[in-house]
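J.: Got a predicted structure here, sequence first:
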Amino acid sequence: MHKGLGLVADVFNHFDFDKLPGDTSLGHVRYTTAGSNRLMNVQPFYAETASGEFGLAHNGNLTNVERLRAQLIADGAIFASTSDTEVIQHLIARGPQGVPRVETIINALNQIEGAYSLLLMYDDRMFAVRDPKGFRPLAIGRLDDAWVFASETCAFDLIGATYERDVQPGEIFEVTRDGKTQSYFPFGVTKESPCIFEY
């Protein structure tokens, strides 16, 4: 994993991408809205859990983060950052074991309130998630036979990807390593409320 503060061009200046292992990646450009602007808060976050490893990138703000953080600390959680993203990470890591990963994600998201678009990367699948009100954007694209996701479609233009559609409000979009997709809508119908600054 490679992280840094500053512009993408500065963080990855003289970086050899060919040295990165694997064929899947997760990136994030942070605009500080919660937590301090320090390296410990730079995403994506990574966790090794009893049910496997995962990476997490988050765009948004949780409105019940202080209560959840206090509850998790009381239950023995140790935090390495001040970011609300780490709260989501802990909720997923502490979720039910032995169930499909999407169930663990749903369990975690049922505990949070606020705006979020998430990307979760596991060894065998990826999830793109948007909060039920659709406050933050998240788009789905294709680059040859690969799936790509971004909060801004201009990112697709930079890499030559084509825009397919937006992740719908309240949708969990799953892509497996072999390219199979499935959508889940576990949160019911709510009134959309997109952020006016995002569109």
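T.: On my side now, so go ahead. Numbering: from 1, shown residues only.

J.: hey, let's count contacts and neighbours off CA atoms from now on
T.: Will do.

J.: In the protein, spot the strand with the most residues.
T.: Secondary structure of the chain per DSSP state E: the longest strand is strand 52-62.

J.: partner strands of that strand, parallel or antiparallel?
T.: strand 45-49 (antiparallel), strand 114-121 (antiparallel) (DSSP bridges).

J.: In TSV, list the ones you listed along with mean pLDDT, distance to Pro96 and mean neighbour count.
T.: Below are the strands paired with strand 52-62 laid out as TSV (pLDDT from 0 to 100; distance: least, C-alpha to C-alpha, whole Å; neighbours: other C-alpha atoms under 10 Å):
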stretch	mean pLDDT	distance to Pro96	mean neighbour count
strand 45-49	85	12	15
strand 114-121	94	17	22
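
J.: Could you dump the ones you listed into JSON lines and include distance to Gly188?
T.: What follows is those, written out as JSON lines (distance: least, C-alpha to C-alpha, whole Å):
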{"stretch": "strand 45-49", "distance to Gly188": "28"}
{"stretch": "strand 114-121", "distance to Gly188": "16"}
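
J.: Glu174: which of the ones you listed is closest?
T.: For the strands paired with strand 52-62, proximity to Glu174 was assessed by C-alpha to C-alpha; strand 114-121 is nearest, at 9.5 Å.

J.: Mind listing what's buried along the longest strand of the chain?
T.: 54-62 (16 or more other C-alpha atoms under 10 Å).

J.: what are the ranges of the helices in the chain?
T.: 8-11, 65-74, 84-93, 101-109, 154-159 (DSSP state H).

J.: how far does the second one sit from the chain's center?
T.: Computed by C-alpha atoms, centre = their mean, to the nearest Å, the separation of helix 65-74 from the middle of its chain amounts to 20 Å.

J.: Okay, buried residues for that helix please.
T.: 65, 68-69, 72.

J.: Now do it: which elements does it pack against?
T.: helix 84-93 (3 or more C-alpha pairs under 8 Å, 6 or more residues apart in numbering; DSSP states H and E).

J.: now the helix it packs on, how far from the chain's geometric center?
T.: 10 Å.

J.: And stretch 130-145, by the same measure?
T.: 11 Å.

J.: just stretch 68-82 next, same as before
T.: 19 Å.

J.: Pull out the buried positions in stretch 149-157.
T.: Neighbour count says stretch 149-157 has 149-151, 153, 155-156 buried, by 16+ other C-alpha under 10 Å.

J.: thinking again about what came up before, reformat the buried residues of helix 65-74 into TSV and put distance to Gly22 and pLDDT next to each item.
T.: Shown next, in TSV, are these (distance: C-alpha to C-alpha, whole Å; pLDDT from 0 to 100):
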residue	distance to Gly22	pLDDT
Val65	33	94
Leu68	34	97
Arg69	33	95
Leu72	32	96
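
J.: export those residues to JSON lines and tack on distance to Gln182?
T.: Formatted as JSON lines, those follow (distance: C-alpha to C-alpha, whole Å):
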{"residue": "Val65", "distance to Gln182": "29"}
{"residue": "Leu68", "distance to Gln182": "29"}
{"residue": "Arg69", "distance to Gln182": "31"}
{"residue": "Leu72", "distance to Gln182": "31"}
